[in-house]
Structures are given as structure tokens and as C-alpha cells.
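>>> predicted structure and sequence below. I'll ask about it afterward.
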Amino acid sequence: AADKIRLIPQDFFAELCEQIIQHLNNKIPGINTAELCQRIQTSGVDISIGDLAKIANTLSFLFSTAARNNLSTEELITTLGSGGSTLPKHAVQVIRHVWNEQGKAVAVSEDAGSMATVGQFVDMKWKLGVAMSSDTCRSLKYPYVTVTLAVADSSGQITDKSFEMTIPQFKNFLRQFKEMASVLETV
């Protein structure tokens, strides 16, 4: 991971670290690595979303472990150096700064691991489309609904899940949401 961290400009690395701390503090549902990766790539850095996700997971583990062990900034930096890690200087400086400024606020619950085993809903987008024709049928005029859900997994990585529904499937989907809403009103 150190080789890939070396590629990330300091400002993007700082943003990633701050988002991870915010996620650990339950202030944001997750880290949008796809969006951050696209911005890093636009700046001219060749990094894959998979590599950025691994870095985010590593940093999340680092910060949550440091919080669980109640490490001071100096203890964290010393631990990083003693592990034979070859983190770039700018990364160590960012980790030091972020942990010094926001590290004490990281509340690590003992139940956090068991509590966050399912994804957390972040956002939903939808669109209505009409298939006009295909190579086998000249006149379809077939309506459908495309839904994209943004979900943060237990590690905080936000991923998009898309699916299409026919109009009858969508009506069933809507009916189930109405049932959930009525049950929630009774709670």
C-alpha cells in the first residue's frame, strides 16, 4: 500500500484521511472512493479504484486500532515507524496532523464490528425509460424504471447498485415501500 500512497497527492490523501475519521465518528455513512479516485485520476495520477479502496481500508484499520488502543499522536507515529513501514513523508505528516486534530474524537464501540455487518443506505436515484426498438423487434415501446442505490458497506466504501424493473415490478416495489411506511408510523 505504501507504493500506492506515494502516488496520491498530499491534499487528496488528507481528504481521504479526514473522510475516514468522519466515517469512524459516524458523521458520514462512508467514503466515496469512486468519486475521489476519479478526481485523483483527473489530476494526472494513475491509480485504480481497487487500490484506493485498499488504502482506505488500511487507513480505517489504522485509525480504528489507534482509537481502540487509545494511542497518542506520537505513539501512533512511533508505531507506524517501528513496523518497518516505508510510508512517504507526506503521508506520515498528514496522518500525524489528522490524528492530532481529530483522533481523540474517534469513538470506537466494542459493538461496532458486529453492528455494521450490513450496508447502509446513502442515496437513491431513479429514471424512467422507454425501450423503443431492438435488433429483433422493431416497435417495443416498453417502459421501465432504472434505480441506482448508493450503499456504504461495513468498511465505509460507497458502491452503487443498479437494477431495472418493469412497470408491474415497480408497482410491487412501491406497494412494499408503502407497507414499510405504514408499519413505521405505528412504531
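Looks like it came in fine.

>>> care to break the protein down by domain?
Listed domain ranges for the chain are 1-105, 120-185 (source: the TED database).

>>> hey, which of the ones you listed is tucked in deepest?
Per-stretch averages of neighbours, counted by mean count of other C-beta atoms under 10 Å, single out domain 1-105 among those, with a mean of 17. All C-beta spots, glycine's among them, are computed from the backbone N, C-alpha and C.

>>> gap between the two ends of that domain?
The first and final residues of domain 1-105 sit 26 Å from each other (C-alpha to C-alpha, to the nearest Å).

>>> OK, contacts around residue 151?
Applying C-beta atoms under 8 Å, 6 or more residues apart in numbering to residue 151 gives the contacts 119, 120, 121, 122, 158, 159, 160, 161.

>>> hmm, 6 Å instead?
Residue 151 is in contact with residue 119, counting by C-beta atoms under 6 Å, 6 or more residues apart in numbering.

>>> from residue 126, how far out is it?
Between residue 151 and residue 126 the computed distance is 15 Å (C-beta to C-beta, to the nearest Å).

>>> likewise for residue 46?
Applying C-beta to C-beta, the value for residue 46 to residue 126 is 34 Å.

>>> go on, residue 24?
Per C-beta to C-beta, residue 24 is found 31 Å from residue 126.

>>> continuing past the worst-scoring helix or strand of the chain on mean pLDDT, what's the next helix or strand?
Least confident helix or strand of the chain, by mean pLDDT, DSSP states H and E, is helix 112-115 with a mean of 45. Downstream of helix 112-115, the next assigned helix or strand under DSSP states H and E is strand 120-131.
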